[in-house]
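Participant: show me how the following folds:
(chains A and B)
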Amino acid sequence: GQQLNQSPQSMFIQEGEDVSMNCTSSSIFNTWLWYKQDPGEGPVLLIALYKAGELTSNGRLTAQFGITRKDSFLNISASIPSDVGIYFCAGYNYGQNFVFGPGTRLSVLP
Amino acid sequence: DTAVSQTPKYLVTQMGNDKSIKCEQNLGHDTMYWYKQDSKKFLKIMFSYNNKELIINETVPNRFSPKSPDKAHLNLHINSLELGDSAVYFCASSQARPDTQYFGPGTRLTVL
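Facilitator: Okay, the predicted model is just below:
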């Protein structure tokens, strides 16, 4: 079945630093999404991407839909302590199920 | 108001028991889902349910059965619980397309 890979698996950064993470697939997706999961909570949608090459921002977050449709990137600028959590990418093709990546665990050191 | 709610939040039970987890959404969504998140945080879809159409992930054992009394509710019943069923189970809902899913807070199931 379809699988997604996320890198890095985990990262420790200083408050104020910028963060980059990516998600890759061997299959093409028509929709890419990024979620954040806080401890003890369900995932929350951050950004949805619907078009190859699309670049979308949500506050300090920016995500891009890769041109090949096999990857996506998420950047967080000027990280703050509440950015801590697990960031999941997900791929979706209409009429098929969602596929989640394994997640990137972000820790922000004060 | 909570958009997607689940009960209970924690469930501890013995192997072999039968248990149910309830999910309710007040968003007026047409589609509801159950996900399993294991100890390594991998999220896998188990079921999606839209307008009485059930789509099952083929890897889910038939001990798991979703039941939808109405559009706002999708409960998960588990028979003969096994140790490997220990996980966090998330309910979610969306309009017809799943790309705008809202997740519930999760139910942490521990099988002893």
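Participant: and the least confident helix or strand in chain B by mean pLDDT, is it in reach of chain A?
Facilitator: When each helix and strand of chain B is scored by mean pLDDT, DSSP states H and E, strand B:53-56 comes last, with a mean of 78. Yes. Interface with chain A: strand B:53-56 contributes residue B:55 (Cβ under 8 Å from any Cβ of the partner chain). Where you see a C-beta, it was placed from the backbone N, CA and C, and this is true even at glycine.
Participant: which residues sit against whichever helix or strand comes after that strand?
Facilitator: Counting by DSSP states H and E, the element after strand B:53-56 in chain order, helix or strand, is strand B:64-70. Residues outside strand B:64-70 that contact it (Cβ atoms under 8 Å, 6 or more residues apart in numbering or on different chains) are B:32, B:34, B:46-47, B:49, B:52, B:54, B:74-79.
Participant: may I have the very next helix or strand once past strand B:64-70 as PDB, with CA atoms only?
Facilitator: Per DSSP H and E, the first helix or strand lying C-terminal to strand B:64-70 is strand B:73-78. The C-alpha atoms that make up strand B:73-78 are tabulated as PDB, following Å, rounded to 0.1, in the frame of the first residue of the first chain:
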ATOM      1  CA  HIS B  73     -22.600   9.000  16.100                       C
ATOM      2  CA  LEU B  74     -20.100   6.300  15.200                       C
ATOM      3  CA  ASN B  75     -19.300   3.900  18.000                       C
ATOM      4  CA  LEU B  76     -16.600   1.300  18.000                       C
ATOM      5  CA  HIS B  77     -17.200  -2.100  19.500                       C
ATOM      6  CA  ILE B  78     -14.400  -4.500  20.200                       C
END
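Participant: ok, then the element right after strand B:73-78?
Facilitator: Next along the chain after strand B:73-78, taking DSSP H and E as the criterion, comes strand B:87-94.
Participant: avg pLDDT for that following strand?
Facilitator: Mean pLDDT, strand B:87-94: 96.
Participant: quick one, which of the contacts of strand B:64-70 are buried?
Facilitator: Burial by neighbour count, judged by 16 or more other Cβ atoms under 10 Å in any protein chain shown, picks out B:32, B:34, B:46, B:47, B:49, B:74, B:75, B:76, B:78 from those.
Participant: what bridges to the fourth one?
Facilitator: Same thing as residue B:47. With DSSP bridges as the criterion, residue B:47 is bridged to residue B:34, residue B:56.
Participant: list the residues that contact it.
Facilitator: Applying Cβ under 8 Å, 6+ apart, the residues near residue B:47 are B:33, B:34, B:54, B:55, B:56, B:57, B:60, B:64, B:66, B:74, B:76.
Participant: how about a cut-off of 6 Å?
Facilitator: Applying Cβ atoms under 6 Å, 6 or more residues apart in numbering or on different chains to residue B:47 gives the contacts B:34, B:56, B:66.
Participant: just give the nearest non-adjacent residue to residue B:39, would you?
Facilitator: Sequence neighbours aside, residue B:87 is the residue nearest to residue B:39 in space, at 7.3 Å (criterion: Cβ to Cβ, 6 or more residues apart in numbering or on different chains).
Participant: ok, the one you found - how many residues close by?
Facilitator: Neighbours of residue B:87 under the rule other Cβ atoms under 10 Å in any protein chain shown: 19.
Participant: partner residues bridging residue A:36?
Facilitator: Taking DSSP bridges, one finds residue A:44, residue A:87 as the beta-bridge partners of residue A:36.
Participant: that one and residue A:83 touch, don't they?
Facilitator: No. Applying Cβ atoms under 6 Å as the test, residue A:36 and residue A:83 come out as separate, 8.3 Å apart.
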